[in-house]
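>>> What shape does this take:
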Amino acid sequence: MDYAAREFSKESYIKYDEFAKTKISSYLVGLGYTILNSDEDYNHDIVATKKGTKYYFELEVKVGYPFTDMNDYRFDTVSFLGRKSRLREIAEFFYIIICYETGSFVFCPSNIIFNENYKEQLTVNGNNRRGRDEMYRVPKEKCTFIKL
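The predicted structure is shown next:
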């Protein structure tokens, strides 16, 4: 497989999926969204509406790099998984990365993320993933940080 690091990690999914969906669903409801769907269908993690418009959200949990805002985010770019670009075929979406340690998060719309100028081929050597993968590294100034 060309991108071995893209393999699904059931262990990570079980550990972080409910945490992410609960945190972001609560946040969205507080902003006046109505959650339509957060069931696992291997597409967007959350589908919601607000004022008659449907919105799509993809969630990821980041562990081991605590942050609360752009000032204490230790990298110049935010890395988004290239394999999530397939979701744009369904609908444009907001890609949210939640910090497990602080509960704060960073997000960016998919139409900004999946830009050829931000694409990089990387070798991943993490606890749950190893091998080559495609990432999109977006300047953190183009992302929105929410401190919770």
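>>> What part of this protein, helix or strand, is modelled with the least confidence?
strand 119-125 (a mean of 83; mean pLDDT, DSSP states H and E).
>>> where along the protein do the strands fall?
34-37, 46-50, 53-62, 77-81, 94-99, 105-109, 119-125, 130-139, 144-146 (DSSP state E).
>>> so of the ones you listed, which one's packed in deepest?
strand 94-99 (a mean of 23; mean count of other C-beta atoms under 10 Å). Backbone N, C-alpha and C define where each C-beta goes, glycine included.
>>> what's the angle from that one to strand 105-109?
160 degrees (axes from the mean of the first three to the mean of the last three C-alpha atoms, to 10 degrees).
>>> which stretches of this structure have low pLDDT?
Counting by pLDDT under 70, the chain contains low-confidence ranges at 1-13, 126-130.
>>> Would you mind finding the longest helix in it?
Longest helix in the chain, counting residues (DSSP state H): helix 10-30.
>>> now the angle between strand 94-99 and that helix, please.
Going by the same axes, to 10 degrees, helix 10-30 makes 110 degrees with strand 94-99.
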